[in-house]
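**Student:** Here is a sequence together with a model predicted from it:
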Amino acid sequence: MTAAPRKRVLILPGDGIGPEILAQTRRVVDWFVARRALPADLYEEPFGIPAYRAHGSFLRDETWDEIEAADAILFGAIGSPEYDTIPGAAEGAGLMRMRTELGLFINLRPVRAAAPLHAVSPLKAEVLRQTDLVIVRELTGGIYTGKPRGIETVDGVRRGVNTMIYSEPEIERITRAAFDLARTRRKRVCSVDKSNVLEVSRLWREVVQRLRDTAYSDVELTHLFVDNAAMQLVRAPAQFDVLLTENLFGDILSDIGAAAAGSIGMLPSASMTGMDADGPARHRALYEPIHGSAPDIAGKGIANPCGAILSFAMCLRHSFLRPDDAALLEAATIATIENGARTADIARPGQPTLSTAEMGSAILRELDAMADGWPAAARA
Ligand code: NAD
């Protein structure tokens, strides 16, 4: 058997709690390199405020070269009140640049309500049972990138302008990703839009339905307005398999999904350019927890690293084509929580809590315990 080619994995910790959670993720990556012969070469670059402090630039050219050279990027978070104090600084610019210039239009956001965390979710256990869905969020279009945009003054009155725009090909390619994903799951897609009000949503619904009828008739398709979808996500999240939606709606709905998972600190994501079996393995992909930089807890060492670590599990599955290793990491993370390990965000009142680093250590111990009985890594 020929050895799998080595992959460049770039760690970009970013702002706020990013460095804290990515330090734990890095320990997990090192474990897979040492214990499961993962063919990964690790690189790390400052990004955002730490990069500005060190080099006077939020995203310097050397870092961009590393981004372009990477097979997989493990990203922490971006965002800090400090951006407001630096003239010309645009907080999300670096992340948006990566998403758009690397063409990462597919954003997968799995939401599972793990049984040991039912007690910390604001939703009832009977509502959470069987919740296992994936939000497929379009990541490079819509109102986040549409033009015209800006703040302007017209007839002496200031106004803000953003534009929600999607072309048919943009809708079609993300829809294909959702249907392809559904075929590997329970074969059900619910497409979320606001077609009772927005023209862009009317086109969205038309294209999604047409593609289903012409190319994916084996997949069940339903449509929901986004306001109803938000309610259904808290009322009965287990009804969903694949939720397909555009950029802004997906951003908001996935934070609602976080309530089902117990904490936003639990949820991973993968951003990629293709869903074909070896798409992310051949192209760049970016893996990040869905949460932000959490300035309110940054520097305290209490952030939950699970979302970042589970994002690396998605990297194992999609970029390294190692489903067994991905399953091992997911199982070890859940077992760690089952055994009572809790960061503050997923602790019940009075329950002892672990620091970010202690949670990382607990997951590594569980990996050690589980690895011996686990099947050898299937190599791509
Ligand atoms: P946030 O996700 O950073 O935080 C929301 C709440 O969840 C906070 O109370 C925070 O303490 C908590 N939280 C988040 N992650 C956690 C973790 N791992 N462990 C424990 N608790 C956690 O969202 P926000 O407060 O709306 O935004 C803060 C900053 O992050 C802003 O500057 C925003 O623009 C940015 N942001 C960045 C991204 C990204 O990098 N992809 C995503 C969302 C928000």
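**Tutor:** Looks like it came in fine.
**Student:** contacts and neighbour counts: CA atoms only from here.
**Tutor:** Fine.
**Student:** I'd say residue 312 and residue 73 touch.
**Tutor:** No - counting by CA atoms under 8 Å, residue 73 is not a contact partner of residue 312; they are 9.5 Å apart.
**Student:** So for these two, which sits in the more crowded spot?
**Tutor:** Just comparing residue 312 and residue 73: by other CA atoms under 10 Å the higher neighbour count belongs to residue 312, 32 against 28.
**Student:** And that one, how far from residue 286?
**Tutor:** Going from residue 312 to residue 286 by CA to CA, to the nearest Å gives 10 Å.
**Student:** what sits in contact with each of the two?
**Tutor:** By CA atoms under 8 Å, 6 or more residues apart in numbering, residue 312 and residue 286 have these common neighbours: residue 74.
**Student:** how about the residue nearest the centre of the chain, what does it touch?
**Tutor:** The centroid of the chain falls nearest to residue 269 when counting by CA atoms, centre = their mean (1.8 Å). The contact partners of residue 269, by CA under 8 Å, 6+ apart, come to 107-110, 287-290, 311, 314.
**Student:** Which of those residues fall in strands?
**Tutor:** Applying DSSP state E to the contacts of residue 269, the entries found in strands are 107-110, 287.
**Student:** Please work out how many residues are found near residue 12.
**Tutor:** With other CA under 10 Å as criterion, residue 12 counts 24.
**Student:** so what's it bridging to?
**Tutor:** With DSSP bridges applied, residue 12 shows beta-bridge pairing to residue 75.
**Student:** Wait, it touches residue 76, no?
**Tutor:** Yes - Residue 12 is within contact range of residue 76, at 6.3 Å (criterion: CA under 8 Å).
**Student:** Who are the packing partners of the helix or strand hosting residue 330?
**Tutor:** Assessed by DSSP states H and E, residue 330 sits inside helix 323-338. Packing contacts for helix 323-338, counted by 3 or more CA pairs under 8 Å, 6 or more residues apart in numbering; DSSP states H and E, involve helix 306-318, helix 356-371.
**Student:** does residue 94 really touch residue 59, like I thought?
**Tutor:** Yes - the pair residue 94 / residue 59 is scored as a contact, 6.4 Å apart, by CA under 8 Å.
**Student:** Pull up the overlap in contacts between these two.
**Tutor:** residue 48.
**Student:** could you list every residue that touches residue 82?
**Tutor:** residue 49.
**Student:** ok, back up a step: contacting residues for the closest residue to the residue nearest to the centre of the chain other than its chain neighbours?
**Tutor:** Using CA to CA, 6 or more residues apart in numbering and skipping residues adjacent in sequence, the residue nearest residue 269 is residue 109, 4.7 Å away. Neighbour list for residue 109: 134-137, 254, 267-270, 290 [criterion: CA under 8 Å, 6+ apart].
**Student:** Would you list the phi and psi of residue 83?
**Tutor:** Main-chain dihedrals, residue 83, degrees, to the nearest 10: phi -60, psi -30.
**Student:** And it, how close does it get to residue 297?
**Tutor:** Residue 83 sits 17 Å away from residue 297, taking CA to CA as the criterion.
**Student:** With residue 335 instead?
**Tutor:** From residue 335 to residue 297 the distance is 25 Å (CA to CA).
**Student:** can you list the domains in the protein?
**Tutor:** By the assignment in automatic domain parsing, the chain contains the domains 1-104+268-380, 122-261.
**Student:** what's the closest of those to residue 116?
**Tutor:** Closest to residue 116 of the domains of the chain, according to CA to CA: domain 1-104+268-380, at 5.5 Å.
**Student:** Which stretches in this protein count as strands?
**Tutor:** Going by DSSP E, the chain shows strands at 7-14, 40-44, 72-77, 106-112, 132-138, 150-154, 157-161, 188-193, 220-225, 242-245, 270-272, 285-287.
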